[in-house]
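Undergrad: following is a predicted model, sequence given first.
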Amino acid sequence: MYASFPEACYSLKLRQLVVDLTIYRFGSAMIKQPRIRRLAVTNFRGLANTVWYPNGKMNLLIGGGDSGKSTLLHAIALLFSPTNSAQVFETDYYNRSLESGFSIEAAVSLPTEMELVN
């Protein structure tokens, strides 16, 4: 585990996540948000094995068509989906290989003001 920042790890059968602190300004108030520190996607859509360490400030996903930009965002959305009704299709598996499965893992750090509720 990472000891250098407050964190929470979310583990699901197909995925796990880690995030850090983002600060947004609304007028004079500052709101601290969780931040993704590391994202690993394996056998999901067109991504065979991808590990990404997002920058602490701003990240831009730039690339040609069918290079994985939207797939990376869909992986994050699937991981953080607030419901269990997310549908997974055959096309979500790398080369449509259902037997090998896929995984989406992330490390997320949380502000000390946030707490997890079971």
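TA: Thanks, I have it.

Undergrad: from here on, just use CA atoms for contacts and neighbour counts.
TA: OK.

Undergrad: can you show me the helices along this structure?
TA: Secondary structure of the chain by DSSP state H: the helices cover 69-79.

Undergrad: mind listing the strands for this protein?
TA: 10-11, 15-17, 22-26, 29-33, 35-44, 47-52, 103-109 (DSSP state E).

Undergrad: for the residue nearest to Gly63 when sequence neighbours are not counted, grab the count of nearby residues.
TA: Counting by CA to CA, 6 or more residues apart in numbering, Gly63 lies nearest to Lys69, which is 7.1 Å off, once chain neighbours are set aside. If you count neighbours by other CA atoms under 10 Å, Lys69 ends up with 15.

Undergrad: what's the answer for the one 5 residues further on, then?
TA: Look at His74: counted by other CA under 10 Å, it has 14 neighbours.

Undergrad: cool, Leu60 as well?
TA: Leu60 has 8 neighbours, counted by other CA under 10 Å.

Undergrad: and it, how far from Val88?
TA: For Leu60, the distance to Val88 (CA to CA, to the nearest Å) stands at 26 Å.

Undergrad: try Leu79
TA: Using CA to CA, Leu79 is found at 12 Å from Val88.

Undergrad: ok, those two, which is more surrounded?
TA: Neighbour totals were compared for Leu79 and Val88, and Leu79 leads with 21 against 9 (other CA under 10 Å).

Undergrad: low pLDDT regions in the chain?
TA: Residue ranges of the chain with pLDDT under 70: 1-31, 82, 84, 115-118.

Undergrad: do that again at 80, thanks
TA: Counting by pLDDT under 80, the chain has low-confidence residues at 1-33, 56, 81-86, 111-118.

Undergrad: cheers, nothing more for now.
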